[in-house]
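Chemist: Structure for this input, please:
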Amino acid sequence: MARESFDKEIQFLRMLALTSGAYNRQQFAERLGISVHTYDKTIRRLKSIRSTVSEELPSENGQELAESLRYNYYEATDPLLLFLYRAKSVKESESFRLSLLIAALQDQTLTAMELLDHCVASMPPEAALPDEKTLRSDLKYLEEVGVILREPGGRPYRYRLHNDLVTQLTDEELLHLYDFVDVMAGTQVPSVQGYLLRDSLKQTLRTRGIDPAKNEAFRYKYHYYSRILDEAHLHPLLAAIAERRIIRFVYYSPKAGKSYAAQHTNPVFSRESEGARVQMLPLRVVYDHQYGRWYLLGQTAKQQVAKFRLEGMTQLEEGEPVSEEEFARRLAVLDAKTKLSWLVDTSYPVKIRARFYNPEEARSNFVKERVLLQGQWGLITEEDDHSFVYEITVNGMTEIKPWLRSFGSSCEVLEPERLRQEFIAEWKEIQRYYEPI
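Modeler: Residues are numbered from 1 along each chain as shown. A predicted model of the protein is given here:
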């Protein structure tokens, strides 16, 4: 899949998930920064891919596609998010060819020439027939990613599927493995690989006549659609950090009116992208567990600390590397700027004091346990039988505020006065919502 197409479809699915079909075609296209024709073409492509990976019939329009996100919550990630990664991995012709190779190796070992004969005999008449060089390249790729194994022995080499993990497990063991992967994929980050493994195990269970939906031990998922979609950029960014490479991308701020703008190849209709073109040295990737967001931190060409949300990044490209000394120097500057950041804030430090009230008649003090677990470098400075005072110095108040708010009536902000007044105003506003009509 072309890079631009993948960026577009990521933003397309994100908006589809967030709006749940609330926009009509024109509104959706305007918000995304594409034409209605491109909207229709993208919907057709998504439905086409979806029909190949889902047992359900493709939806008739974008709104129904969004409805499956809303009402089929537990299975929503399977057909509507992960299939983009499958489509991005290989070209359409490669996808068909690799499927034939894997199917041929299901129950037997074959040589490269035997596999070539099988592909030639199975390809549709309109498709281009592969040659020996192409097929050996496919086999090398499948071997590198761990899908197939080359049998020991001399030439001609024989290949078989590398599926020992599932074939040597009993049905009960396979179900236990599926349950474990199901929970880990839903609770850990990054999670796309976990969902892909879960999907493979699900297919294996179905081939054994076991319906995973009827045997699931858990009905729990913890994920955000944006978090999973943003992982498309995560691994290229981590690779760029490891190789100390400059990157370039077009960025659309979450506050902007558009999240994407199509590239026009016809100069008559060309126009400047509404996104900001950014060149920077990536230094660190941070995950916000509170909102399910990924952040990229680094330095721009002017050596200023910059922060970007991955959901707004498109057209990512790698550039030239910097020296190890230069990378270490810039990383030290970033670490100094974010030393007191609750997440990624680099504003002025603020000392925050809050009183937490212990739960009454509870077997355990879960409030204190959570503060100790999530409170980072903050300290408990005062304590009695009913409450304790927690102190921390952080950059700014914006990022720690949702955490303090999440404790509800168990938390009282003491300092600074400005933050205390903000909480008072918020709770008064909530109280008004519950006043009798």
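
Chemist: Look up how far residue 340 lies from residue 199.
Modeler: Noted for residue 199: a distance of 41 Å to residue 340, by Cβ to Cβ, to the nearest Å. C-beta coordinates here come from the backbone N, C-alpha and C atoms, glycine included.

Chemist: same thing with residue 28?
Modeler: From residue 28 across to residue 340, the span is 41 Å (Cβ to Cβ).

Chemist: For the two, work out which one has more neighbours and name it.
Modeler: Each of residue 28 and residue 340 has its neighbours counted (other Cβ atoms under 10 Å); residue 28 has more, 23 against 19.

Chemist: any idea which element the more buried one lies in?
Modeler: Per DSSP states H and E, residue 28 falls inside helix 25-32.

Chemist: cool, and residue 393?
Modeler: Per DSSP H and E, residue 393 falls inside strand 387-395.

Chemist: Flag every buried residue along that strand.
Modeler: For strand 387-395, the neighbour count (16 or more other Cβ atoms under 10 Å) marks 387-392, 394-395 as buried.

Chemist: Just flag the most distant two among those.
Modeler: 387 and 395 (26.6 Å; Cβ to Cβ).

Chemist: State the number of residues packed around residue 177.
Modeler: The tally of other residues near residue 177 (other Cβ under 10 Å) stands at 18.

Chemist: which residues does it contact?
Modeler: The contact partners of residue 177, by Cβ atoms under 8 Å, 6 or more residues apart in numbering, come to 169, 201.

Chemist: Go again with 10 Å.
Modeler: 165-166, 169, 197-198, 201, 204-205 (Cβ atoms under 10 Å, 6 or more residues apart in numbering).

Chemist: from those, which single one is nearest residue 435?
Modeler: Using Cβ to Cβ, the contacts of residue 177 come closest to residue 435 at residue 198, 46.5 Å.

Chemist: so what's the nearest residue in space to residue 204 that is not next to it in sequence up against?
Modeler: Nearest residue to residue 204, sequence neighbours excluded (Cβ to Cβ, 6 or more residues apart in numbering): residue 166, at 4.7 Å. By Cβ under 10 Å, 6+ apart, residue 166 lies in contact with 173-174, 177-178, 200-201, 203-205, 207-208.

Chemist: Which members of those residues are the farthest-apart pair?
Modeler: Set against one another by Cβ to Cβ, these have their most distant pair in 173 and 203, with a gap of 16.6 Å.

Chemist: how about the helices of the stretch 1-150 of the chain, start to end?
Modeler: 3-19, 25-32, 36-53, 62-71, 77, 83-89, 92-104, 112-122, 132-144 (DSSP state H, counting those that start in this stretch).

Chemist: again but with the stretch 151-300 of the chain, I slipped
Modeler: Taking DSSP H, counting those that start in this stretch to define them, one finds helices in the stretch 151-300 of the chain at 164-167, 171-187, 192-207, 212-215, 225-242.

Chemist: can you tell which of the ones you listed is closest to residue 14?
Modeler: Nearest to residue 14, of the helices of the stretch 151-300 of the chain and by Cβ to Cβ, is helix 225-242 at 5.5 Å.

Chemist: now the closest one and helix 192-207, what's the angle there?
Modeler: 120 degrees (axes from the mean of the first three to the mean of the last three Cα atoms, to 10 degrees).

Chemist: Whichever strand or helix holds residue 373 packs against which elements?
Modeler: Assigned by DSSP H and E, residue 373 belongs to helix 366-374. In terms of contacts (3 or more Cβ pairs under 10 Å, 6 or more residues apart in numbering; DSSP states H and E), helix 366-374 is packed against strand 349-357, strand 379-383, strand 387-395, helix 401-405.

Chemist: so can I have JSON lines of the ones you listed showing mean pLDDT and distance to residue 412?
Modeler: Conversion of the helices and strands packed on helix 366-374 to JSON lines gives the following (pLDDT from 0 to 100; distance: least, Cβ to Cβ, whole Å):
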{"stretch": "strand 349-357", "mean pLDDT": "97", "distance to residue 412": "5"}
{"stretch": "strand 379-383", "mean pLDDT": "94", "distance to residue 412": "13"}
{"stretch": "strand 387-395", "mean pLDDT": "96", "distance to residue 412": "8"}
{"stretch": "helix 401-405", "mean pLDDT": "94", "distance to residue 412": "9"}
